[in-house]
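Undergrad: Provide a 3D model corresponding to the input given below.
(4 chains)
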Amino acid sequence: MAKTSFAAGRYSALALLRGALGGHRHWGRAWRAAEPGGPYDVIIIGGGGHGLATAYYLAQVHGVRRVAVLEKGYIGGGNTGRNTTIVRSNYRQPQLQRMLDHSLRLWHGLSDELNYNVMFSPRGALFLGHSDADMVKLAERGDALIAMNIDAELMTPDAVAKLVPLLDMRRDARWPIEGGLIQRRGGTARHDAVAWGFARAADNLGVDIIENCEVTGFLRDGDRVTGVTTTRGDISGGRTAICVAGNSGHVAGLAGLKLPIESHTLQAWVTEPVKPMIDTVVMSQSLHCYFSQSDKGGIVGGGDPDMFPSYAQRGAPIRLEESIAQCIALAPALSRLRMVRSWAGVTDMSFDGAPIIGEMPLAGLYLNGGWCYGGFKATPGSGWLYAHLLATGENHPIAAPFGLDRFASGRTVDEAGAGPMPQHR
Amino acid sequence: MLLIPCPHCGPRNQEEFAYERSVDSLVRLDDAPGVAMAALYARANLRGEDHEIWVHVQGCGQWLRLTRDRVTHAFRDVEAL
Amino acid sequence: MAATGRSGSGIAAQTIGFVFDGRRMQAQTGDTLAAALVANGVGLVARSFKYHRPRGILATGVEEPSALVTVGEGAHAEPNVRASDVFVYDGLVARSQNAWPSLRWDVGAINSLAAPLIPAGFYYKTFFGSPARWMLYESVIRRAAGLGLPPTVADPDAYAHRSAFCDVLVVGAGPAGLQAAAEAAEAGRRVILIEQDAVPGGSLARETVTIDGQPGMAWAQATAARVRAAGGRVLTRTTATGYWDDNFVTAVERRTEPGQPGADIAQVLWKLRCGEVILATGTIERPLVFVDNDLPGVMLAGAVRTLALRHGVAAGQRVVIATSHDDAYRTAFALAGIGAQIVAILDSRTAPQGAIIDAARNRFAVHTDARPLRALRKGMQVSGVEALVAGTRQRFACDCLAMSGGASPVLHLHRQAGGALDYHADRGAFLPGAGRQANRTAGAAAGVHDLSAILPQAVIADPLGAATAPQPGPVWRGEAPGKAFVDFQNDVTTSDLSLAQREGYVSVEHVKRYTTLGMGTDQGKTGAMVALAQIADGRGVALPEAGLTTFRPPYTPVTMGAFAGPMHGDHAGPIRRLPLAAAHDALGALWVPAGLWFRPRVYPHAGESIGTASLREARMVRASAGVVDVSSLAKFEIAGPDALRVVAAVCATPVEKLAVGRGRYTLMLREDGIVMDDGTLWRLADDRWLLTSSSGGAARMGRHLSYVTDILLDHPRAAVVDLGEHWAGLALAGPRSAAILADLTGAAVPAHMGLADAMIAGVAVRILAASYSGERAFEVHVPAHHAAPVFASLIDAVRAAGGGAFGLDAMDHLRVEKGHVVIGAEADGRTTPADLGLGGMLRKAGGFVGWQGLTRPAMADQTGRRQLVGLTAIAGGAINEGAMLVVREGDEPLGHVTTAAPRVAGEGSIALGLLVDGRARYGETLFAWSPTRRSYVRVSVGPPLFYDDEGARYRD
Amino acid sequence: MTEMVVTPAAGLVALDLWHDTDHATAAAELGIALPGPGQALAPTLAPTQGMAQGMVLRVAPRRWWLDGAGFPATVPATTGVVTAVGGAWNRVRLSGAGWRDLLMQSGLIDAENPAFGPGSVAVTPLCHVRCAVHVRATAQCDVFVPRSYTEHCLSLWRGLGWHEVAPESGELREAAHLS
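TA: As a prediction, this is how the structure comes out:
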């Protein structure tokens, strides 16, 4: 790929050295503070990772550059900036495997592509098994992945213990560790950098990123959506794309639509930073907890959602207690660390646990949402697929299983097999 | 940590309750399939006040209808079902 | 640091020993580690996060950003402890961290030299290439990052949880909090007063005031005693860390100090449900911004005063005070009072006025329109300050620079509770606005500093006059070259803030995330407002327009173990035990977890593997008889004149015509038409039914039945009673079972799918003739408290017949041969009854939960759906459970093996599987491919039934 | 005194009344007291009925637990239904004023409230397990614990300093299936 040039300068070690000599005064804005203009070919509602990625791929892959990204606050301020940064594609259902591995492949080249180090670090995503039954489930998942050409490796308890020495490997532990399944290509990335990197690259291709611009309604021509009304005036466009996971219900509601989505709270926490103690993303087949260590040194973790609808971006301490108790049961040394911060995001819980990407019942209006608690890992793939839909009017084959019509037709995905009630998954 | 007013037990911690669904998504046994699936899969998901069905599952088992603001978490009304 | 020893503190204290970085030192009881270190002349305490700059004590409270140490040894070591937030105990061992090979000679300090190369966000701009290459750089960064060393062994401390309810919770036992708590308690209200310090008093610890004739701290003690006397609860060393919905406050009580062994319970997590919350949380002092404002010896003026008045420690002998308001003047008097020399007071205001200014002018060199530009260093310690005094640069030599750039009301909990903030430009501070919950703020946190306003009834005598509201320090505009810090822990400087702005990271959240401002263990308690002022100045907007980041729990870091509390060890998740657990142990059962339950998996003979033993047990059942414990199965009785309506709504199979005394297999669906659970339905009487369903789905099924009854059917005259734990269940299976049971009960056994009441071992039991194994079989239900003798009789009887107990694995082998599905394996939450070959069982007329979902085209049409099939290994080899079903290795899977088992009747490997268009593939050959287990087994596809096709064996 | 006595709640019977059954009428009909929400009462006697002894606990909007002997074995189908449930529950009798403290360390209800005194009933999770609490006296409280969770709860309560004493009949403890 030819190196993109950036109006405000390419990033490189050399550029950094030049900055060091000049007090770093030569760095310009990473993205312009664009004013609303238009009409646009595509209006993207939502300046999170997915929306910005969509804008970037629209411009980069499809040459659609008259694109506006409308963000009600600051970009990357929703779930992009409040997740636990895990990236993996080791799902069980083939539809999700195809989509998330497509995304994972993009992750592997993303820093170079964007000329922005998103710190994607394939340090491995490990699921632990706590019983023979768990191990069978993990093997099944691994078999399914390998059969789809996605990497997976079943691990013995010894191999797990070597990889994550702090795990409690005692046979009489409450949840003994019988082994694991690792995806070595999975890992973590720096969440904010993903939003900023896509924003900078999209802006560089001419995309207008308009912050502090909240959509308040839709412009209509009969049953066709022709743009949006915002707190900064009306903006018209050819295709209007909702990309506001967490608030999909609210924004779709502005168009009078109801979705198979409910907004729920998901909390996460981080401990004080310490020197390296865990190198791998640790999850569990049968428990509801996960943790990894950030580059800064904090252990980042989380567990179950709060299991009732809320837009409050705050949760209940009981959920923290549960996920932390489980994490400590797996890695007892975590007990003495101190949590320095907890936070909450509003997740778009879809009614089969899979995202929704497709055209809405109103012409010209599209939706990318319903990512439940797993959207971050999909960021580049989601943007790439949504860009395809917005540029061509047709879902890419990888995204085809995720249309809104699947609920009426009965072709739901349901990775967890948990049924339509989001609080049960 | 919500304090949910159970009509039978009085105010109790949210840990004792389970959310079931919003009132508008009730599927009646005799609903036509189209109506049933529309109710099941289309939620208003209001960013504001909505009506919800909860159950005091770890307490007396009472079902309740809560009128609740999903942003402030304030309860405006509770009714035994 | 020149300061040593104590002078005239007048505190009765004992001398105790502690160790810092291998040096034995002495402290006095009541000292914080910070105080003790200063008293021992230790200036250099820590290295900063990024540049490894030398750092000392900045503060005396929980806000300390710099002086982080590891306290304790071995398993008790606790990293990142704020020296100001640990009270010295005899034998305390502390060591510095993030420095190698030593605190003084730290290799990491090279980062300081490289600082121009590594400004805020530098890592976003470099380290390109493959992820593998990034991970090389990253591993270096990871090792350099982090603060203290991580624990590596299990935590020896124990933690408890404790709930409490009160009418009034008061957070903070300073004067305002004490007063509010005493008033409320004496008015008969239930009061809890919590204080993060070890003693009540709050700001009184740094004042020389007397209240009602008592020294401030003595008044505080007396007032806390009043609260207790009136029935209130006073918790010291307890920090309110989270303010959640509906006035729920979590607080952490430290019963032992960091690193201190002993004590039963180290910390208690309090869960407080409060009628009203009064936040008397005081203020946190802000630093001034100037170059090298982070040098050891540069301290907050209030901290210097606390050291002097509370601990009798002079932070320096020659002290310069730099301030923007009156409060730091008090520090001058306090220091002078213990014999330190005040070199100068630098006041950034042009014309400060007031009694305390006048008093200071009489004793000290007070310079107005004066502010520091640069701290001067000697070694790793401040040696003076270069200041701008009325436009000219002047130098003042000192060994301690006490600074104050104003104070920020502590509004974290108010904000967590959803309260609003009001900006007061004159104070450069936010004060609490309207609360959203039942809470209010009192005292300095609410902007009230004058004690006589806080304690209107008390007689206040303050030699320095009434306290006034602090004003903010001047904004730093780069008047001198060098690093001026706004976040001491994360090494964020004013130039980092400018760089972020320049690059378009304008929103305060972007600035924070880009520079890591306020993201340290102190969460920006000292520097956040200073940084905001800088950001606002850079943007040319008023401070509130620059925005504010969100306050999130916890207020101060909370030990993870405290969150888990008693959910530890075996209690991390409750364990459910069967009523007959002891009897199974006596039989040598090997246990297997099944959800929260533990169930007998197999009863191996000596030297037998699990596989061998389970196959032996299964063959025993086929040959004679066996008993398996099915007590954990869900069981519900549905009784009443309208019970049929409930049963008909929940069960998708015909129910109405089921005769009394008979049962049948049934399915329960979700609303989307997918199988939720399966079980057996029995008609105990005309208006009384028993429904059994899977163990793992018991809670879900209980709730579903309740939902159907109360919500969908609107309270029919029927009761659903969960009897899952009431009835122990023992399944007796095998060709000899009928004879054994007849013998035990002395009565005729019920026909297949019939039921009967009987007596076994003198206990009334219910016998349900249902078969899961394919053999003639019976479930014996007995009230759990009477299960032991019944089980003993059954075991004796089957043993006499050549049988014995069998476990879950054998049961699984048996049911695979019969093609019975299991919830979670074949019914995996994505299968319809038709997928499982059970579509014909459904009631055609609908009317049950889920019927509408099944009418959807992709569910009604079986084309392309995964269907249940039987699989037989053709050329030897064992089929792996979970293996993919493929035409050849490397193909995309057509399905997978849901359960595999050895043939019980015969040899070889069989399995059940879900296969796309499976029923159309009967007779085809596929491979069960498990790449993770390196197995590739040729299988033939057929119906899911391998044994007794006619069902002759289980009938009467 | 911090003593726990564990026995099976063997005789426990659930009485469910229909939604439209009037409680007062049913009480008269059945000859037993039917306490209001959150309450337990000794069964009062009606001359035409047997001599019920023990306690009636209100555990749900339409459900009472009849704990003792002499209660009606059936009730008219027009009124409600009774079901034996005793196998499901163990009774942990806490003797000692510290029972309030135990509850506060195990759950999230206001057991320190003086209003939660003798005669009070609460169904609430303790140690994450749904239990029924019945305050018998100022210094005595029964906790009905699901049989399968009994060891889990007891072990946590032992950790809080409570010790078990054998019931008067050792068989009872055995029937509670504790090891």
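Undergrad: which single residue of the stretch 201-350 of chain C ends up nearest chain D?
TA: residue C:271 (6.6 Å; CB to the nearest CB). Placement of C-beta: from N, CA and C, glycine included.
Undergrad: does that residue sit in a helix, a strand or a coil?
TA: At residue C:271, secondary structure determined by DSSP: H, G, I helix; E, B strand; the rest coil is strand.
Undergrad: nearest spatial neighbour of it, chain-adjacent residues omitted?
TA: Nearest residue to residue C:271, sequence neighbours excluded (CB to CB, 6 or more residues apart in numbering or on different chains): residue C:163, at 4.7 Å.
Undergrad: could you look up the SS state of that neighbour?
TA: strand.
Undergrad: state the pLDDT value of the residue in the stretch 251-400 of chain C that chain A sits nearest to.
TA: Closest to chain A within the stretch 251-400 of chain C is residue C:271: 7.7 Å, counting by CB to the nearest CB. On the pLDDT scale, residue C:271 is placed at 98.
Undergrad: does it touch residue C:164 like I think?
TA: Yes - counting by CB atoms under 8 Å, residue C:271 does reach residue C:164; the two are 7.3 Å apart.
Undergrad: neighbour-wise, which of these two wins?
TA: residue C:271 (25 against 19; other CB atoms under 10 Å in any protein chain shown).
Undergrad: give me the beta-bridge partners of the more buried one?
TA: With DSSP bridges as the criterion, residue C:271 is bridged to residue C:163, residue C:250.
Undergrad: wait, what's in contact with it?
TA: Under the criterion of CB atoms under 8 Å, 6 or more residues apart in numbering or on different chains, the contact list for residue C:271 reads A:317, B:1, C:161, C:162, C:163, C:164, C:248, C:250, D:108.
Undergrad: so how far is residue A:339 from the fifth one?
TA: Same thing as residue C:163. Per CB to CB, to the nearest Å, residue C:163 is found 20 Å from residue A:339.
Undergrad: comparing those two, which residue is more hemmed in?
TA: residue A:339 (24 against 21).
Undergrad: now whichever helix or strand that one is part of, how far from the centre of its chain.
TA: Assigning secondary structure by DSSP states H and E places residue A:339 in strand A:338-350. How far strand A:338-350 lies from its chain's middle: 13 Å, per CA atoms, centre = their mean, to the nearest Å.
Undergrad: just checking, what packs against that strand?
TA: strand A:261-271, strand A:299-309, helix A:317-330, strand C:558-559, helix C:560-564 (3 or more CB pairs under 8 Å, 6 or more residues apart in numbering or on different chains; DSSP states H and E).
Undergrad: so which residues of the chain form helices?
TA: If you meant another chain, say so; for now it's chain A. A:13-21, A:49-62, A:94-108, A:110-114, A:132-147, A:157-163, A:191-204, A:248-254, A:317-330, A:379-392, A:406-409 (DSSP state H).
Undergrad: wrong one, chain D
TA: D:23-30, D:99-106, D:150-159, D:170-175.
Undergrad: which of these comes out lowest on mean pLDDT?
TA: The minimum mean pLDDT among those belongs to helix D:170-175 (a mean of 72).
Undergrad: helices or strands up against that helix?
TA: Looks like helix D:170-175 contacts strand D:3-8 (3+ CB pairs under 8 Å, 6+ apart).
Undergrad: just want the angle from the strand it packs on to helix D:99-106.
TA: 70 degrees (axes from the mean of the first three to the mean of the last three CA atoms, to 10 degrees).
Undergrad: mind listing the strands strand D:3-8 pairs with, and their directions?
TA: As assigned by DSSP bridges, strand D:3-8 forms pairs with strand D:89-95 (antiparallel), strand D:163-164 (parallel).
Undergrad: what are the buried residues along that strand?
TA: Neighbour counts using 16 or more other CB atoms under 10 Å in any protein chain shown place D:4, D:5, D:6, D:7, D:8 of strand D:3-8 among the buried residues.
Undergrad: pull it out as CSV, backbone CA atoms only.
TA: Only the C-alpha atoms of strand D:3-8 are listed here, as CSV (Å, rounded to 0.1, in the frame of the first residue of the first chain):
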residue,chain,number,x,y,z
GLU,D,3,-25.4,-20.9,68.9
MET,D,4,-26.8,-22.5,65.8
VAL,D,5,-29.1,-25.5,66.0
VAL,D,6,-29.8,-27.1,62.6
THR,D,7,-32.8,-29.3,62.0
PRO,D,8,-34.9,-30.2,59.0
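Undergrad: how about residues contacting it?
TA: Contact partners of strand D:3-8, identified using CB under 8 Å, 6+ apart, comprise C:784-785, D:86-87, D:89-96, D:147, D:150, D:154, D:157, D:162-167, D:172-173, D:175-176, D:178.
Undergrad: 7 Å instead, please
TA: Identification of contacts with strand D:3-8 by CB atoms under 7 Å, 6 or more residues apart in numbering or on different chains yields C:785, D:86, D:90-96, D:150, D:154, D:157, D:162-165, D:167, D:172-173, D:175-176, D:178.
Undergrad: likewise stretch C:477-491?
TA: C:48-51, C:53, C:55, C:58, C:65-66, C:289-294, C:373-374, C:388, C:476, C:492-494, C:497, C:516-522, C:524, C:527, C:530-531, C:534.
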